[in-house]
Every structure is written in structure tokens, then in C-alpha cells.
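> Need coordinates for the following:
(chains A and B)
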Amino acid sequence: MKTDWNIAAKSLDNALGVIKAVCHETPKVAIILGSGVNVLIDVDSPQVLPYEEVFGLAPTVSGHAGSLTVGRVGAAQTLVAIFRGRFHLYEGHDWSVVTLPTRVIVEWGITKLFVTNAAGGLNKQFQVGDLMVLTGFRDMQHPKLKETGLVPALMQPATGCKNALTEQILRTGADLHRENAEIGALRQGTYCACLGPSYNTLAEIEMLRRLQCDAVGMSTVPELLTAAGSKTQAAAISVITKVWGDGKPMGGHREVLEASHAASSRLDKSFRAVLREL
Amino acid sequence: MDWSRAKWFDFTGTIKEGQFSRFGNEVIEILRQSPPPKLAIVLDTAFGWQHKTPAMVRDHINLSGYNPLIGPNHPIGERFPVIQGIYNADDAERLALETVVVAGLKHGRRLSSDDAEFMHVLGADCYCFNVVPTMLVAAHAGCKVLAIVGPDNHTWQAEIAAKINELSSCAR
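Down below sits the predicted model:
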């Protein structure tokens, strides 16, 4: 599929036009939520816009609602834009569509972006339901890799993505864990974005472990690459929805959704705490 | 192994049954026909190794940067297919074959010797062009795969095909 930059640019302008007709103030924070990750359900004075209205199209995958909610959170009434659901390369969308919500966030002038996803745990110390802050990533899904294959990209080291925002999340997470041991310690590590839609083979899992990746999923890297170099600082968190163990059967999409629902309440507490600190 | 609805996919241009020059829509259509095959028997050429004899595929690493299941999901299978346990390598011993992990590359792409060495570090023994996309479409359609890869010549296919046919007729 070729990128039609005219359509892509128009979609960006259209989306901003639709949003700004309803929201007259630029939010302080944006959040993009992945599969079944459901946080900040109760916000004050919410305005909800379906993706169809904003972007002209809706996600095709169950567990990805496809709506933008703008509302206020906490005592400070921080204005937050919550993007529920995203567009994926495996759906057949091209790069300009997949990055559209992030480009809207950047152009809107939101300076802080949190990205979440459901991911498989590669690090053998991880458990289902763990939250991992991304300190690095590998990109195995960019359309340009179709021309080169993955070998040249895999020869390069992972890209670091630590910044003041990731440090903030890690600090807040450590504080929460100290106050209440039931809120597990945050993990940190390297996320690998694969194209999907099929899950990985065991040989691929083993390869990603050799490359010292800690989690694997099908998203988030387009968002991080888009925000990089803009005025929007981005941080990403993976909800670990499965961990490959020896001889354990592999779950499918339903298991992923169940695990990410369960972890959502802890992620919700973390987000609200981080928002208080901003 | 369920031999009753087996289909041959020979990408080496040797055996008479099920010849295909490369993976493509024709292969996809057969794997999604009604009723779909239960077993895809795949022969493909492998590169990036020193083997003079064929080997049976026990797993793969997709290094192509592509997946044939991209796009709207075909209703024959799940949006996110689990693709572990699809290769059937149980009969490797009876066929006197070693098992290998193959890397899947874009059709016609060759690796330099440095790149091939790196591919070995990643865990693949050799690379090929057709096994991986065929397996992905087969797995999605609920079909197992018996895949054999061999050197780039026509010396091994007939013997392998005869052995597989013998196994299949014994099983029935």
C-alpha cells in the first residue's frame, strides 16, 4: 500500500479540526491505550469523540474501542486526552494512518504522551500482569524493512527511549510500591515491535531473548518514533499479558484481554499518581 | 499426522505434483479452499548453509519484514493466530532426516556471508523464500505443515517424495 501524503495530511487537519471544534483547550497529557488496557474510566466533564468521527475510520480489532475522551483528572483537574485503541500495520494500514493519532497529539501541542500496550513477556523473571516501562525498543515492523529484510536492523543495538517522563513514572511507581506492597514493583526493559498479526514461533521467541528484548508486541514503536524529535515527550508502558515458559501452552487473544483487564487497575493507580506529580 | 487431506507444494520445480514457482495467491487459495487441507507438504530450496542433503523444518524465524496475513482478517481463521506446534517434524527420524530452523526471507533476496553468519547467531540454520509465508497461511487456516528444505539442485526431491508417499500410504 502506497502512502498518499495528501490524504494523510488532510486526515491530520480534519482530525484537528473536529477535535478543536469541541475542545477549546489543549490537554496537558495524552494517553494512547492498547488492547483491553482500560484506565482513567472516570474522568470529570468528559467529551467523547468516536475515532470514526475524528479520523474517518475505526480500528477493526476487538478490545480496541476506538474513541477519544477529553476530560479532567484528580484534584488539580488536569486536562487529559485519552485515545482508546489504535491503528495497526497488521490491519493493512500504512505508516501514515498508524501514526495519525500521535501526529494529532504532536500538532495539537500536547507535550506529554503516555503509550500503553499489551505485550508478551520474554524476560523470564516477568509474570503475567506485570507493568514494564520501556527503556528501549527494537523496530521489526517499519515498512522500509520489507525492502531490506530484518537482518540489517537486528544487527543494530536497541534504541534507547529513557527521558524525564520515563524517570518520573519509575519514581512514582517505586513510591507506590513502597507505600503498598500489593502494587507490584514496575519492571523496565526493551520492547520489540513485530508486525503480526500471527504470534511468534518458539524460535522467534528464542531469537528475541538472545537480542535481550524483555517484551514483544505489535505496536507502540510507531508512536515513539513519531514523537521523537517533536516537542511531545513520550513514555510507554507494557502490560505483560503472558510469559513463555517451558512447555506451557500458548494462550490467544482472549487470554491477552483477560490479563490486561486485571492489570488495568494497577496501571490506573500509577497513572493517577503520575498525573498528580506533573 | 492427518494424511487424508494432504496437499503438496513444491517450490523447487522438481516433482510433478503441486508445483509452484513461488508463494503467492495461488498457494493461498488452495490453503483456503473448502474443505481446507489438513496437511501442507512443502518442498523448498534453502540457502546460507553447507548441507548437501535435505532436512526437515522444525521451526522458523520470519526475517522477511512481511506477513501474508496482514490486512482484513480472512474468516477462515483467527485475527491473531497462534503459530506454535504447526510444523510436524515427528517423522524426521523415519525419513532419516535432520531437523532445522529456517529463516524466511523476501523472495530472491540473498544474504552476504556476514549476514548469514548473523542469521546463525539468531538461531536459524539456513534461509528460504516460501516455507514461512506458506506456513503462516496454513496455520491460520488450521492446517499443519510438513516442510523439507534442501540444496539448490534437483537431486533429492524424488527420493523424499517417494518416502513421504510411502509413509502416507502406511498411515492410511
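> Now stretch B:38-51: average pLDDT?
Stretch B:38-51 comes out with an average pLDDT of 94.
> could you dump that stretch to PDB, C-alpha only?
C-alpha atoms of stretch B:38-51 as PDB (Å, rounded to 0.1, in the frame of the first residue of the first chain):
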ATOM      1  CA  LYS B  38      -5.200 -30.700   6.900                       C
ATOM      2  CA  LEU B  39      -1.600 -31.000   6.000                       C
ATOM      3  CA  ALA B  40       0.600 -29.000   3.700                       C
ATOM      4  CA  ILE B  41       3.700 -30.900   2.400                       C
ATOM      5  CA  VAL B  42       6.200 -28.200   1.400                       C
ATOM      6  CA  LEU B  43       9.500 -28.600  -0.500                       C
ATOM      7  CA  ASP B  44      11.700 -25.600  -0.800                       C
ATOM      8  CA  THR B  45      15.300 -24.600  -1.600                       C
ATOM      9  CA  ALA B  46      17.500 -23.500   1.300                       C
ATOM     10  CA  PHE B  47      20.500 -21.200   1.200                       C
ATOM     11  CA  GLY B  48      23.100 -20.000   3.700                       C
ATOM     12  CA  TRP B  49      24.200 -23.400   4.800                       C
ATOM     13  CA  GLN B  50      26.700 -26.100   3.700                       C
ATOM     14  CA  HIS B  51      24.300 -29.000   3.600                       C
END
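> got the CA coordinates for stretch A:236-245 in CSV?
Only the C-alpha atoms of stretch A:236-245 are listed here, as CSV (Å, rounded to 0.1, in the frame of the first residue of the first chain):
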residue,chain,number,x,y,z
ALA,A,236,5.5,3.8,27.1
ILE,A,237,4.3,1.0,29.4
SER,A,238,3.7,-2.6,28.5
VAL,A,239,1.1,-4.7,30.3
ILE,A,240,2.7,-8.2,30.4
THR,A,241,-0.2,-10.5,29.4
LYS,A,242,1.7,-13.8,29.0
VAL,A,243,5.1,-15.2,29.7
TRP,A,244,6.6,-18.0,27.6
GLY,A,245,7.6,-20.8,29.9
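> buried sites along it?
By 16 or more other C-beta atoms under 10 Å in any protein chain shown, the buried positions in stretch A:236-245 come out as A:236-244. C-betas here are computed from N, CA, C, even on glycine.
> Give me the subset of these that lies in strands.
Within the buried residues of stretch A:236-245, residues falling in strands by DSSP state E are A:236-243.
> residues from chain A in reach of chain B?
A:60-62, A:89-92, A:140-141, A:145-152, A:154-155, A:195-204, A:206-207, A:210-211, A:250-253, A:256 (C-beta under 8 Å from any C-beta of the partner chain).
> Just the buried subset of those residues, please.
A:60-61, A:89-91, A:140-141, A:145, A:149-151, A:154, A:195-204, A:206-207, A:211, A:250-251, A:253, A:256.
> In three-state terms, label A:L170 for me.
Three-state call for A:L170 (DSSP: H, G, I helix; E, B strand; the rest coil): helix.
> Run through the residues that contact it.
A:133, A:186, A:188 (C-beta atoms under 8 Å, 6 or more residues apart in numbering or on different chains).
> Any chance of JSON lines for those, columns secondary structure, neighbour count and pLDDT?
Shown next, in JSON lines, are those (DSSP: H, G, I helix; E, B strand; the rest coil; neighbours: other C-beta atoms under 10 Å in any protein chain shown; pLDDT from 0 to 100):
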{"residue": "A:V133", "secondary structure": "strand", "neighbour count": "23", "pLDDT": "97"}
{"residue": "A:L186", "secondary structure": "coil", "neighbour count": "20", "pLDDT": "91"}
{"residue": "A:Q188", "secondary structure": "strand", "neighbour count": "18", "pLDDT": "96"}
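> Mind checking the pLDDT average for stretch A:206-221?
Stretch A:206-221 comes out at a mean pLDDT of 96.
> first vs last residue of it, how far apart are they?
21 Å (C-alpha to C-alpha, to the nearest Å).
> Likewise for stretch A:136-156?
Start-to-end, stretch A:136-156 (C-alpha to C-alpha) is 13 Å.
> What residue in chain B is the furthest from its centre?
B:D114 (24.9 Å; C-alpha atoms, centre = their mean).
> For the host helix or strand of it, the averaged confidence score.
Here B:D114 sits within helix B:113-122, counting by DSSP states H and E. Mean pLDDT, helix B:113-122: 95.
> Show me what the least confident helix or strand in chain B by mean pLDDT is packed against.
Least confident helix or strand, chain B: helix B:157-171 with a mean of 88, by mean pLDDT, DSSP states H and E. Where contact means 3 or more C-beta pairs under 8 Å, 6 or more residues apart in numbering or on different chains; DSSP states H and E, helix B:157-171 is packed against strand B:6-10, strand B:39-45, strand B:144-150.
> Tabulate the ones you listed (JSON lines), appending mean neighbour count and distance to chain A.
Shown next, in JSON lines, are those (neighbours: other C-beta atoms under 10 Å in any protein chain shown; distance: least, C-beta to the nearest C-beta, whole Å):
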{"stretch": "strand B:6-10", "mean neighbour count": "21", "distance to chain A": "18"}
{"stretch": "strand B:39-45", "mean neighbour count": "25", "distance to chain A": "15"}
{"stretch": "strand B:144-150", "mean neighbour count": "25", "distance to chain A": "12"}
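> Of those, which is nearest B:L167?
B:L167 lies closest, by C-beta to C-beta, to one member of the helices and strands packed on helix B:157-171: strand B:144-150, at 9.4 Å.
> got the contact list for the closest one?
So strand B:144-150 is contacted by B:1-2, B:12, B:38-46, B:51, B:53-57, B:86-89, B:91, B:97, B:100, B:102, B:126, B:128, B:131, B:134-135, B:138-139, B:156-157, B:160, B:164 (C-beta under 8 Å, 6+ apart).
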